[in-house]
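Visitor: can't give you the sequence, but here's the structure:
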């Protein structure tokens, strides 16, 4: 639900923070995976949604099994042209997205759930101490 933007408040993150401090190893591992992999999953969901939206657009109706008239030819030519422009615009946006500078703003967006933790340094230190103690 955090990935979908439903539970993005401090309370949810505090619950996951307490799960990271849990003595149960499986609970702790799953909570840590939540904090470490959430941004990549959110980005993947966004891309998949955009792809589904693009594929959901009706393609050009070429009237392959209907009578070919001048008006239908004009309509088909206009639809093909519009589809070609939309594809070029979409590819240009994808190329611009990959070419833009990903500096400080990108690093701030990298782990949004970690930014909401009240004491991220304390959590990291405690987790590291537990890992060193266990010998893993």
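Guide: That came through fine. Given the structure is predicted, the values throughout are model-derived calculations rather than measurements. Numbering: from 1, shown residues only.

Visitor: Which pLDDT value goes with the spatially most central residue of the chain?
Guide: In the chain, the residue lying closest to the centroid (C-alpha atoms, centre = their mean) is residue 43, at 1.7 Å. At residue 43, the pLDDT value in this model is 77.

Visitor: Remind me which helix or strand it belongs to.
Guide: helix 25-56 (DSSP states H and E).

Visitor: Tell me which residues of that helix come out buried.
Guide: 28, 31, 34, 35, 38, 39, 42 (16 or more other C-beta atoms under 10 Å). (C-beta placed from N, C-alpha, C; glycine too.)

Visitor: could I get the residues you listed as a markdown table with distance to residue 69?
Guide: Compiled in a markdown table, the buried residues of helix 25-56 are given as follows (distance: C-beta to C-beta, whole Å):
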| residue | distance to residue 69 |
| --- | --- |
| 28 | 69 |
| 31 | 64 |
| 34 | 59 |
| 35 | 61 |
| 38 | 54 |
| 39 | 53 |
| 42 | 49 |
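
Visitor: Max pairwise distance over the residues you listed: which two?
Guide: Greatest spatial distance in the buried residues of helix 25-56: 28 and 42, 22.1 Å, computed using C-beta to C-beta.
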